[in-house]
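*Asks:* Can you look at this prediction? I've put the sequence above it.
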Amino acid sequence: MIICVYSASSASVAPIYFDATERLAKEFVKAKVSVVYGGGAIGLMGCLADAVIAEGGTIRGVIPRFMDEVEWTHPRLKEVVLVDTMHQRKTKLLENADAIVALPGGTGTLEELLEAITLKRLGLFTKPIVILNTTSYYDPLRTMLERCVTEKFMNAKHLAMWSFVDEPEDVLPTIRRTPEWDKNAISFAVVK
């Protein structure tokens, strides 16, 4: 199984976020999950890579050349894919992914996550999307997504496109029990 992880590059976040990231990495390695992520060396990205590498797991980074040129790439990655643009990075991250997991993060993480949700809404990505809601970080996003439905910007069926979990240990069981999304989702993407 290949899991794409969206995460933050900030090294200043609270220790609880680093702890959750390490715990998730250990769960992935124990389950023989291959991880693909943004390739960074600091923040939760670096923590994820450090923990997967320390546990003997498999992790691949995808990073734009302009970030690599300022030495943001994790130096101990055995596999790094260099791309030209952020758009290419997002495309490459999803290539062959069996699921997406979003850790807490800033605008980059949110942008990646919302694009993936949009692709799923259109039936262009059909795999599970799990949002790790450490310390209720993503509660405002959950509220906004639910409001999209109550205000009729999205169909109620779209609430099944993602799952929120509070603990890293709940991520893999949630992925395993999530059914594949309808490839014909475009047929109900528009609210009529």
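*Replies:* Perfect, thanks for sending it.
*Asks:* Near Gly123, how many other residues are there?
*Replies:* Using other Cβ atoms under 10 Å, Gly123 has 16 other residues around it. To be clear about C-beta, it is placed using only N, CA and C from the backbone, and glycine gets the same treatment.
*Asks:* same question but for Val101, I mixed them up
*Replies:* 28.
*Asks:* Next: Lys32.
*Replies:* Counted with other Cβ under 10 Å, Lys32 comes out at 9.
*Asks:* and the gap between it and Gly57?
*Replies:* 8 Å (Cβ to Cβ, to the nearest Å).
*Asks:* And Leu122, by the same measure?
*Replies:* 32 Å.
*Asks:* and the two? which has more neighbours close in?
*Replies:* Neighbours were counted for Leu122 and for Gly57 using other Cβ under 10 Å; Gly57 has more, 19 against 11.
*Asks:* Was I right to think that one contacts Glu27?
*Replies:* No: when contacts are counted by Cβ atoms under 8 Å, Gly57 is not listed as touching Glu27 (10.2 Å).
*Asks:* right, and the helix or strand after the one helix or strand in the chain whose mean pLDDT sits lowest?
*Replies:* Least confident helix or strand of the chain, by mean pLDDT, DSSP states H and E, is helix 65-69 with a mean of 89. Later in the chain than helix 65-69, the nearest helix or strand by DSSP states H and E is strand 79-83.
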